[in-house]
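**Q** predicted structure and sequence below. I'll ask about it afterward.
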Amino acid sequence: MLAVESSNTKSLRVAMSMVLVLAVLLAITTTLQTIELQRLRPAVRLWRQRAQWPVVGGTLPVFTGQRLDGSVVELTPTGDARQLWFIFTTSCPNCRATMAQWKRLAASALSQSATPAYWVSLSPVDSTLRHATEFGLPMDRVVLLKDHRAIRAARMPGVPLTIAVSAEGRVEGVHAGLLADGPVTDSLLLAARRPRVKEEVRTAPTRPPRQTP
């Protein structure tokens, strides 16, 4: 009888030991998974945000904006023309910090490839007018965009947002966030250029060889 009880006690101890080991392994695995998820969460969040941004090669809807003088303008180039859009709000600190760089980018695009730039405001007209006056923006290039359905359709992540657009709303270049000199600005300038028309190579007509009698 004692031998049977001793055997049962040993079996119970072995089973409890195995359960304890499994519990420890499970706790370790859960801790490692939690650490890995915390490490990957920022990358996943960024990936999700970028998946919602306008992407190069994508198409934006036709935006109908209003100039400060009340006239209506459609922000969609035609033919081989291209446009730069600087999308901002007057309450955005990063937008204010980007204004000087946007003005340099607009001047370079206009001089290099005659590409116009538009400052597209998502703010009310009064604050937009004060903002344009403060930063010396060209008034005929400041556009109010009030159609928030179009903004949602364009999957705009936020401001400041810089987009180079070609005919039918095709996105040629895009950058979200602060804009600084360097490769990003160069790539946007390249995206804002009109495609060069290939010149036909004309060859002089060849004369038939002379026939000797």
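**A** Sure, I can see it.

**Q** which residues sit in contact with Leu190?
**A** Gly173 (CB atoms under 8 Å, 6 or more residues apart in numbering). Where you see a C-beta, it was placed from the backbone N, CA and C, and this is true even at glycine.

**Q** tell me which element it falls in.
**A** Under the criterion of DSSP states H and E, Leu190 resides in helix 183-192.

**Q** go through that helix and flag the buried ones.
**A** Within helix 183-192, the residues that qualify as buried are 184-185, 187-189, 191-192, counting by 16 or more other CB atoms under 10 Å.

**Q** tell me where this structure has strands.
**A** 64-67, 72-74, 83-88, 117-121, 142-144, 161-165, 171-176 (DSSP state E).

**Q** next, the angle from the last one to strand 161-165.
**A** Orientation note: strand 171-176 sits at an angle of 170 degrees relative to strand 161-165 (axes from the mean of the first three to the mean of the last three CA atoms, to 10 degrees).

**Q** now the helix holding Leu190: average pLDDT?
**A** For helix 183-192, mean pLDDT is 88.

**Q** distance from it to the middle of the chain?
**A** For helix 183-192, the separation from the chain centroid amounts to 13 Å (computed by CA atoms, centre = their mean, to the nearest Å).

**Q** same check on stretch 113-122?
**A** Distance, centroid of stretch 113-122 to centroid of chain: 16 Å (CA atoms, centre = their mean).

**Q** can you give me the helices in the chain?
**A** Counting by DSSP state H, the chain has helices at residues 2-52, 93-113, 125-135, 148-153, 183-192.

**Q** just put those in TSV and tack on distance to Gly65.
**A** As requested, the helices of the chain are exported to TSV (distance: least, CB to CB, whole Å):
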stretch	distance to Gly65
helix 2-52	22
helix 93-113	16
helix 125-135	11
helix 148-153	10
helix 183-192	19
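
**Q** and of those helices, who's closest to Gly70?
**A** Taking CB to CB, helix 125-135 is the member of those nearest to Gly70, at 9.1 Å.

**Q** quick one: buried residues of the closest one?
**A** Buried residues in helix 125-135 (16+ other CB under 10 Å): 128-129, 131-132.

**Q** now do the domain split for the chain, please.
**A** Domain assignment for the chain, taken from automatic domain parsing, gives 7-52, 64-192.

**Q** hey, which of those is tucked in deepest?
**A** domain 64-192 (a mean of 17; mean count of other CB atoms under 10 Å).

**Q** thanks a lot, see you next time.
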